[in-house]
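Asks: sequence and predicted structure, then a few things I'm wondering about:
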There are 2 protein chains.
Amino acid sequence: MGIYLKGRSFLKMNQKMNNFDLNSYLLKKRKQINAALINFLNCNSNSSLISRAMEHSLMAGGKRIRPILCLSASEAVGGKSDDTLRAPCALEMIHTYSLIHDDLPAMDDDDLRRGKPTCHIAFDEATAILAGDALLTLAFEILSSIELTNKNNVFKWLRVINTIAKASGYNGMIEGQIKDIAAEGKQLGLEDLEEMHVLKTGALIEASIITGAILGNGSFEQIEKLKIYAKNIGLAFQVTDDILNVEGDPVIMGKDIGTDQAREKSTYPSILGLDKSKEFAKNLVSNALQTLEYFDNKSNPLRAIAHYTIDRKR
Amino acid sequence: MGIYLKGRSFLKMNQKMNNFDLNSYLLKKRKQINAALINFLNCNSNSSLISRAMEHSLMAGGKRIRPILCLSASEAVGGKSDDTLRAPCALEMIHTYSLIHDDLPAMDDDDLRRGKPTCHIAFDEATAILAGDALLTLAFEILSSIELTNKNNVFKWLRVINTIAKASGYNGMIEGQIKDIAAEGKQLGLEDLEEMHVLKTGALIEASIITGAILGNGSFEQIEKLKIYAKNIGLAFQVTDDILNVEGDPVIMGKDIGTDQAREKSTYPSILGLDKSKEFAKNLVSNALQTLEYFDNKSNPLRAIAHYTIDRKR
């Protein structure tokens, strides 16, 4: 309870301190990221079926939270932006591939994503599987680009590739999806639910932030602090997703609500109830903000994103 | 016809010259590769469902032709073997992922592979999709390993990652699979058939050979020569696959024959007939052998593999 109250005070203090205009920041970054994504996709592409399927899902209006976290973490440690935005783009490609495969009939069997037909509905199942495969592969292609890599930075990029591969793989995001599928129709305990989310969404969010810090030449200590920040907002993000699935506005979100309950999925509201879930999310954000006390005001974007994690409507 | 005869003479000459014991070589390499594969898979794994599914397909007794080509190409340019065999293992992981996804009900819908139930039969469709995803991701994880990479070799490994990613992606292997699916029920011309195979199987075979040459510190000229070798044996390999599907022994191959004809697939025998297909394959192998004249007897394994490409029974 002590930690909880301490967390709350950080939440209030930071809300007052923070005059940072997050909306403009997010809009600007999203625009840059979208331009870079379409640029990477269209390099060498001849409007083939596969690249149209990749574009369909990649450009369907995502929040771009992972690439933005990558950029904000780099800024927080004093790094300059890499103009090609290839690490942020690779992270969004991997996130999108995971959504395409999760939506398949053999998995969640979802027809709508971000208000648009899912990839296997807009195209077909085979094309959707391959479009996911291709986005995952393209992520590693752009991360390892010889043309774009300054020889002095090669080791940094190898670390980035390794960080992202580990987080996305069978000890990270993929294991999270396996656990999610295994949990269907069961009521999980709080610990199992947290473990599933830490793997399924937390691992790639953490990798996004670490990647940004590596590319921005962050110190070992800075990276360790940012891992704590990442773990907290990653989980807060998921708790908020669960809450929005209960009481969000389907028009704003571009997807149906109440689907978790209909599928009898274990969620934070189903275990803790809505009020306790909201408190839990706030507490996580407070912890994240407390960790950022180690950084100067270049971490204001990360501060504002921590608030956004639970304040967002979609 | 001139080139063809020239090719034939190389085929005969090399058969006489070559006292190299390929069977022992292949057996030894396969054993090393299998040990390395299981080692990479079991690192950090706790016998989870996903790692069992990955192991099921990865250890189902493949020929390991891509990893062996990688090792032989490295030897041909005078390189020493990397004890961890991580590039060969990554190539086999990517090959296996592509087989798992190709076998899915939404694609070729195959129940048997290498004489064993395919991944989605032994497990289920969702697990098979994720096991494929996980093998692809693990390939890039081991290629980018910080622990295993000597700092002096970092740039070489970045080149390897990029080479493999490009070959596997939407301008390589995946585009080949898209073309293969699109060709179902159509009779392709020889040019379209070749283009499909160059992408679907040729690209990764070429990447295997280039990767070996990069890691063995091959010169630009050596790598260019090996590309020509790779293109020729890659296609010869596919033509032979088509021939074996007509007249191979299903017991030796561990899979049914006649399936191409039953599916009305375009193949070399269906377009050229059996005899002309065999001549075409021999000619490709002759071209490959001719290219190897540029190398000394350290390329004997590559020479022997060129012969094996068309002489094999499975």
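Replies: Happy to help now that I have it.
Asks: residue ranges of the helices in the stretch 1-150 of chain A, please?
Replies: Using DSSP state H, counting those that start in this stretch, the helices found in the stretch 1-150 of chain A span residues A:2-17, A:22-42, A:49-58, A:65-76, A:86-102, A:119-122, A:125-143.
Asks: mind listing what A:Ile310 touches?
Replies: By CB atoms under 8 Å, 6 or more residues apart in numbering or on different chains, A:Ile310 lies in contact with A:236, A:239-240, A:278, A:281-282, A:285. In this view, the C-beta of every residue, glycine as well, is placed from N, C-alpha and C.
Asks: and the helix or strand it falls within with helix A:22-42, angle?
Replies: Assigned by DSSP states H and E, A:Ile310 belongs to helix A:300-311. Put simply, helix A:300-311 runs at 100 degrees to helix A:22-42, going by axes from the mean of the first three to the mean of the last three CA atoms, to 10 degrees.
Asks: flag every buried residue along helix A:300-311.
Replies: A:300-310 (16 or more other CB atoms under 10 Å in any protein chain shown).
Asks: thinking again about what came up before, quick one: which of the contacts of A:Ile310 has the most company?
Replies: A:Val285 (30 neighbours; other CB atoms under 10 Å in any protein chain shown).
Asks: that residue reaches A:Arg312, doesn't it?
Replies: No: when contacts are counted by CB atoms under 8 Å, A:Val285 is not listed as touching A:Arg312 (11.7 Å).
Asks: thinking again about what came up before, can you lay out the buried residues of helix A:300-311 as a markdown table showing distance to B:Lys156?
Replies: Formatted as a markdown table, the buried residues of helix A:300-311 follow (distance: CB to CB, whole Å):
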| residue | distance to B:Lys156 |
| --- | --- |
| A:Asn300 | 40 |
| A:Pro301 | 37 |
| A:Leu302 | 36 |
| A:Arg303 | 41 |
| A:Ala304 | 42 |
| A:Ile305 | 38 |
| A:Ala306 | 40 |
| A:His307 | 45 |
| A:Tyr308 | 42 |
| A:Thr309 | 41 |
| A:Ile310 | 46 |
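Asks: any stretches of chain A with poor pLDDT?
Replies: The model of chain A has pLDDT under 70 over residues A:1-18, A:44-46.
Asks: ok, 80 please
Replies: The model of chain A has pLDDT under 80 over residues A:1-19, A:43-47, A:81-83, A:114-115, A:254-255.
Asks: for it, which helix is longest?
Replies: helix A:220-247 (DSSP state H).
Asks: briefly note if it comes near chain B.
Replies: No: Helix A:220-247 lies apart from chain B when judged by CB under 8 Å from any CB of the partner chain; the minimum separation is 13.7 Å.
Asks: buried residues in that helix?
Replies: Buried residues in helix A:220-247, defined by neighbour count with 16+ other CB under 10 Å: A:222-223, A:225-226, A:228-246.
Asks: would you mind listing what in the stretch 151-300 of chain A touches chain B?
Replies: Selection of the stretch 151-300 of chain A residues close to chain B by CB under 8 Å from any CB yields A:151, A:154-155, A:157-159, A:161-162, A:165-166, A:168-171, A:174-175, A:177-178, A:181-182.
Asks: tell me who's in contact with the spatially most central residue of chain A.
Replies: By CA atoms, centre = their mean, chain A has its centre lying nearest to A:Arg66, at 3.9 Å. Residues in contact with A:Arg66 (CB under 8 Å, 6+ apart) are A:88, A:91-92, A:95, A:204-205, A:208.
Asks: send the alpha carbons of stretch A:39-54 over as CSV?
Replies: Extracted in CSV, the C-alpha atoms of stretch A:39-54 (Å, rounded to 0.1, in the frame of the first residue of the first chain):
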residue,chain,number,x,y,z
ASN,A,39,9.0,4.0,-48.4
PHE,A,40,10.5,0.7,-47.1
LEU,A,41,7.6,-1.3,-48.5
ASN,A,42,7.8,0.2,-51.9
CYS,A,43,11.5,-0.1,-52.4
ASN,A,44,11.9,-2.8,-55.0
SER,A,45,8.3,-3.6,-55.0
ASN,A,46,6.2,-3.8,-58.1
SER,A,47,2.7,-3.7,-56.6
SER,A,48,2.6,-7.5,-56.4
LEU,A,49,-0.1,-9.3,-54.5
ILE,A,50,2.1,-9.9,-51.5
SER,A,51,3.2,-6.3,-51.2
ARG,A,52,-0.5,-5.1,-51.5
ALA,A,53,-1.4,-7.5,-48.7
MET,A,54,1.5,-6.3,-46.6
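Asks: the nearest residue to A:Val160 once chain neighbours are set aside and A:Cys89: what is the separation?
Replies: Among residues not flanking A:Val160 along the chain, A:Thr211 sits closest, at 5.1 Å (CB to CB, 6 or more residues apart in numbering or on different chains). Distance from A:Thr211 to A:Cys89, counting by CB to CB, to the nearest Å: 11 Å.
Asks: what about these two, which has more around it?
Replies: For A:Thr211 versus A:Cys89, neighbours defined as other CB under 10 Å are more numerous around A:Thr211 (30 against 26).
Asks: and the more buried one, that one's in a strand?
Replies: No: judged by DSSP: H, G, I helix; E, B strand; the rest coil, A:Thr211 forms no part of a strand; its state is helix.
Asks: in this structure it contacts A:Ala87, no?
Replies: Yes: contact criterion CB under 8 Å: A:Thr211 and A:Ala87 qualify, at 5.1 Å.
Asks: now the common contact residues for these two.
Replies: Contact criterion CB under 8 Å, 6+ apart; residues shared by A:Thr211 and A:Ala87: A:70, A:160.
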